[in-house]
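> Return a 3D structure for these sequence lines:
(one chain, ligands or ions: 1)
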Amino acid sequence: MKARESEYNSQIKLCLKAHLDAMTSADDVRETVKKYYGGRLESSCDLQTSAASCSLSCSPLPSSVTDALRLVHPEVTKRFFGCGLPFPAKLEGCRVVDLGSGSGRDCYAFSKLVGPSGHVTGVDMTEELVTASRQYIEYHQKKFDYKEPNVTFVQGYMEKLGEAGIQSDSMDVVLSNCVICLCPDERAVLQQAYNVLKEGGELYFSDMYASKVVPQHMKHDAVLWGEGMGGSLFWQDLIALAHSIGFSTPHLVSASHIVIYNNELKAKAGDISYASGTYRLFKLPKRPVVSKATVTYKGTVGDFPDQLDFDSSHCFKKDVAVEVNGEMAAILQSSRFFPDFEIEMSDKPESNSESTPQYCHLNPFLLADRLGSSVKQCSKTSKEKV
Ligand SMILES: C[S@@+](CC[C@H](N)C(=O)[O-])C[C@H]1O[C@@H](n2cnc3c(N)ncnc32)[C@H](O)[C@@H]1O
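Prediction:
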């Protein structure tokens, strides 16, 4: 059994090596990634880093999310390759799209969370995974006691959501779990997410981030790319990218350090470290009113009667008035959270010095340190994998 496994691994390595040498265009990169996830990986344990095994949140997951995850078919969960828990509050009735849905684990959990009046579309480019995920639609429909299935899986590219049948301005929430780091054109993905969101909608996603800009030579290594290490954004670059597209500043929700098990990959990464981070970005109205506001949470979001943990630096306590900056005021005013807050806009516009951004609170490495995501918590039992 072991001999067959290692023969299989060497064949895949040869195949990936051939792709590595030819990985010069976006199409080549996508073909390599399809082989990596469609053919090579049978379960999350086959990954060479702790990405799929460690996700720490600032606050415990609500029971609705843990229950939804528990109800997902084990065969689907076995092929989960995400690096976080992109489960925002208040999904009921929402239309959501999951970019790079893989085996469909998150889609089926979202299916439960959006309820029968909501809808989930999973988009993935790898045929094997789309076919595998579709096999469990009926199982989950029955499990959740829905008259009709509320999940659709589409084979397509997240850089071309229109071609995948996703209409502009049609989605309440765009979700993704460890996929954008596999795409050579992150700008195109974020732009597409922006286009398909309704005004006030949000992109809520977990991904891998690098502690510095990843050098070009690492981007040509097929295994580093397949593991997300070649394509990870330097975390600070996400902020400029989001602003240039028109999104709000990304809000950091949770983070974990990522441990690289494979010594060869560790050596190739040198002094670059990796973290998984979950961020939320909002599509604000074209001309948001930029003045501070005093906001009071009403305690009306399901699962959050006492306080709403919006991100790692905003926790809104029920009936406690707090002052927020102009951007946060615009987010609360234009998003699905509007009915859950009393919002009193200030007369005075925010001064430039007040809105000067300080971004260290958006650093996933600092948050991971703060949350105590240690190597011990994230390491696998089988330390060394080749
Ligand atoms: C690391 S896996 C994560 C899968 C899933 N989100 C999960 O959590 O299990 C990455 C997935 O993204 C898909 N993918 C990568 N690049 C893509 C692209 N450009 N368009 C659509 N899917 C893509 C791959 O086929 C693979 O299923």
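> So what are the structural domains in this structure, by residue number?
Domains of the chain are assigned by automatic domain parsing as 2-285+363-378, 291-356.
> Of all the ones you listed, which one is nearest the ligand?
For the ligand, the closest of those is domain 2-285+363-378, at 2.6 Å, according to C-beta to the nearest ligand atom. C-beta: built from backbone N, CA, C; applies to glycine.
> top strand in this protein by residue count?
Looking across the chain with DSSP state E, the single longest strand is strand 197-210.
> Buried residues, that one. List them.
By neighbour count, and taking 16 or more other C-beta atoms under 10 Å as the criterion, the buried residues in strand 197-210 are 197-198, 200-210.
> Same list (those residues) but as JSON lines, adding distance to the ligand and pLDDT.
Below are the buried residues of strand 197-210 laid out as JSON lines (distance: C-beta to the nearest ligand atom, whole Å; pLDDT from 0 to 100):
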{"residue": "197", "distance to the ligand": "17", "pLDDT": "98"}
{"residue": "198", "distance to the ligand": "22", "pLDDT": "98"}
{"residue": "200", "distance to the ligand": "25", "pLDDT": "98"}
{"residue": "201", "distance to the ligand": "19", "pLDDT": "98"}
{"residue": "202", "distance to the ligand": "17", "pLDDT": "98"}
{"residue": "203", "distance to the ligand": "14", "pLDDT": "98"}
{"residue": "204", "distance to the ligand": "13", "pLDDT": "98"}
{"residue": "205", "distance to the ligand": "10", "pLDDT": "98"}
{"residue": "206", "distance to the ligand": "8", "pLDDT": "97"}
{"residue": "207", "distance to the ligand": "10", "pLDDT": "96"}
{"residue": "208", "distance to the ligand": "9", "pLDDT": "96"}
{"residue": "209", "distance to the ligand": "14", "pLDDT": "97"}
{"residue": "210", "distance to the ligand": "16", "pLDDT": "98"}
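> rewinding a little: among the domains of the chain, which is the most enclosed?
Mean neighbours per residue, mean count of other C-beta atoms under 10 Å, is largest over the domains of the chain for domain 2-285+363-378, with a mean of 19.
> For the chain, which segments are assigned as strands?
Assigned by DSSP E, the chain shows strands spanning 95-99, 119-124, 151-155, 171-177, 197-210, 233-234, 251-258, 274-282, 291-297, 307-311, 314-317, 321-324, 341-349.
> And the ones you listed: which comes nearest residue 370?
Closest of the strands of the chain to residue 370 is strand 251-258, at 8.5 Å (criterion: C-beta to C-beta).
> does the closest one come close to the ligand?
No - judged by C-beta under 6 Å from any ligand atom, strand 251-258 stays clear of the ligand, getting no closer than 12.4 Å.
> quick one: that strand to chain centroid distance?
Remark: strand 251-258 is offset 10 Å from the chain centroid, using C-alpha atoms, centre = their mean, to the nearest Å.
> pLDDT on it, on average?
Mean per-residue pLDDT for strand 251-258: 95.
> tell me the angle of it relative to strand 307-311?
If you take axes from the mean of the first three to the mean of the last three C-alpha atoms, to 10 degrees, strand 251-258 sits at 70 degrees to strand 307-311.
> picking up where we left off before, kindly present the strands of the chain as JSON lines, with separate columns for distance to residue 161.
Listed next are the strands of the chain as JSON lines, based on distance: least, C-beta to C-beta, whole Å:
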{"stretch": "strand 95-99", "distance to residue 161": "7"}
{"stretch": "strand 119-124", "distance to residue 161": "7"}
{"stretch": "strand 151-155", "distance to residue 161": "9"}
{"stretch": "strand 171-177", "distance to residue 161": "9"}
{"stretch": "strand 197-210", "distance to residue 161": "10"}
{"stretch": "strand 233-234", "distance to residue 161": "20"}
{"stretch": "strand 251-258", "distance to residue 161": "23"}
{"stretch": "strand 274-282", "distance to residue 161": "16"}
{"stretch": "strand 291-297", "distance to residue 161": "33"}
{"stretch": "strand 307-311", "distance to residue 161": "26"}
{"stretch": "strand 314-317", "distance to residue 161": "29"}
{"stretch": "strand 321-324", "distance to residue 161": "31"}
{"stretch": "strand 341-349", "distance to residue 161": "31"}
